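Colleague: no sequence for this one, just the structure:
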């Protein structure tokens with residue numbers, strides 16, 4: 001079932017339902033702060049005294065706006081729950097909502113989210129950007145909660161579930177310093193690698209359209225001497241002709257049209273292998289003394 005959207009002058013968000021309390025709370029908090037009403041719902045702002053007319057009117061205006069935001073950003077089921085509360089003040093409603101959603105049903109939903117996250121893998125026909133968007137959508141209901149799925153967990157799951165064609169790239173990413181392992185950086189690296197592989201596949205595919213085969217190339221190069229003829233020549237003998245590009249075949253990737261020395265696939269593989277070993281070689285072992293204790297740690301980049 002598609003989630004309903006709530007839109008106001010501060011932006012848009014999914015309406016509160018039984019699956020997205022924590023992400024809803026995180027988004028609505030920003031709207032309440034923009035209305036200068038978050039202190040009212042959290043009771044960190046005191047109610048003005050009866051004699052403070054101007055302050056009291058302003059407080060009531062902001063309190064009403066907070067109540068409106070909470071109510072209108074909730075789905076019909078949640079609105080019915082709010083209607084049945086004995087107190088409709090925004091601070092009371094704000095406190096009552098987590099009690100309604102942090103139940104065994106909510107726990108079951110959170111467990112379902114975790115299970116779905118760990119079972120999701122990237123299919124060969126799926127693009128990297130689509131796969132990452134899918135993982136983010138799965139994590140969204142837990143955003144803003146103490147049980148949210150962190151970026152580090154998402155990166156680890158992403159690198160362990162991409163197809164085998166990304167194995168070398170994943171190894172290089174994992175060997176980078178922790179400061180460089182951000183979700184945006186990992187996403188950009190994988191998307192760039194995907195584009196490079198797609199370009200290489202297109203080049204290989206165009207070479208496969210060449211109709212000449214290795215057997216034909218060898219046949220064209222073979223000499224067939226015939227009977228001895230006049231003027232010191234062999235009947236049927238043809239002078240050696242250098243094979244054309246269409247008659248060549250790479251012994252590395254078996255594609256036609258070029259030799260192994262010109263194979264882009266081999267060059268890319270060798271470059272990735274060099275980068276991987278370079279990353280491994282940069283990890284040096286340093287000895288650190290702590291009082292009477294000695295410990296060895298691995299420091300990257302020394």
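Modeller: Looks like it came in fine. Since the model is a prediction, treat every value here as computed from it, not as a measurement.

Colleague: which element, helix or strand, includes residue 155?
Modeller: helix 151-161 (DSSP states H and E).

Colleague: show me the helices in this protein, by range?
Modeller: 21-34, 38-41, 53-72, 76-83, 90-101, 104-119, 128-139, 151-161, 167-174, 183-208, 214-221, 264-281 (DSSP state H).

Colleague: distance check, residue 179 against residue 185.
Modeller: 10 Å (C-beta to C-beta, to the nearest Å). (Each C-beta comes from the backbone N, C-alpha and C, glycine too.)

Colleague: neighbour count: these two, which is higher?
Modeller: residue 185 (14 against 9; other C-beta atoms under 10 Å).

Colleague: pLDDT wise, what is that one at?
Modeller: Looking at residue 185, its pLDDT is 91.

Colleague: also residue 79?
Modeller: 92.

Colleague: give the contact list for the residue nearest to it when sequence neighbours are not counted.
Modeller: Nearest in space to residue 79, with sequence neighbours left out and distances taken as C-beta to C-beta, 6 or more residues apart in numbering, is residue 71 at 6.2 Å. Residue 71 sits next to 79, 82, 93 when contact means C-beta atoms under 8 Å, 6 or more residues apart in numbering.

Colleague: swap the cut-off to 10 Å and go again
Modeller: Residue 71 makes contact with 16, 78-79, 82-83, 88, 90, 93 under the criterion C-beta atoms under 10 Å, 6 or more residues apart in numbering.

Colleague: worst mean pLDDT among the helices of the chain?
Modeller: helix 214-221 (a mean of 51).

Colleague: what about residue 134, neighbour count?
Modeller: Residue 134 has 14 nearby residues by other C-beta under 10 Å.

Colleague: just checking, it touches residue 157?
Modeller: No: between residue 134 and residue 157 there is no contact under C-beta atoms under 10 Å: 11.4 Å.

Colleague: so what sits against both of those two?
Modeller: Shared contacts of residue 134 and residue 157, counting by C-beta under 10 Å, 6+ apart, come down to 117, 120.

Colleague: farthest-apart pair in the contacts of residue 71, please.
Modeller: Across these, no pair lies farther apart than 16 and 88, at 16.0 Å, counting by C-beta to C-beta.

Colleague: give me the more crowded residue out of the two.
Modeller: Applying other C-beta under 10 Å to residue 16 and residue 88 shows that residue 16 carries more neighbours, namely 28 against 12.

Colleague: tell me the bridge partners for that one.
Modeller: residue 74 (DSSP bridges).

Colleague: wait, isn't it in contact with residue 26?
Modeller: No: taking contacts as C-beta under 10 Å, residue 16 lies outside contact range of residue 26: 11.5 Å.

Colleague: give the buried residues for stretch 22-30.
Modeller: 22-25, 27-28 (16 or more other C-beta atoms under 10 Å).

Colleague: show me which pair in the residues you listed is furthest apart.
Modeller: By the measure C-beta to C-beta, 22 and 28 form the most distant pair in these, at 11.0 Å.

Colleague: next, count neighbours for residue 15.
Modeller: Residue 15 - counted by other C-beta under 10 Å - has 17 other residues nearby.

Colleague: equivalent analysis for residue 39, please.
Modeller: Residue 39: 15 surrounding residues under other C-beta under 10 Å.

Colleague: kindly report the same for residue 250.
Modeller: Residues within reach of residue 250, counting by other C-beta under 10 Å, total 20.

Colleague: that one against residue 262, yeah?
Modeller: Yes: using C-beta under 10 Å, residue 250 is in contact with residue 262, at 7.6 Å.

Colleague: domains in this structure, as residue ranges please.
Modeller: Using automatic domain parsing, the domain parsing of the chain gives 5-102, 107-199, 243-302.

Colleague: quick one: contacts for the nearest residue to residue 13 once chain neighbours are set aside?
Modeller: Counting by C-beta to C-beta, 6+ apart, residue 27 is the residue found nearest to residue 13 once chain neighbours are left out, at 4.1 Å. By C-beta under 10 Å, 6+ apart, the contact list for residue 27 reads 6, 10-14, 16, 20, 73, 143-144.
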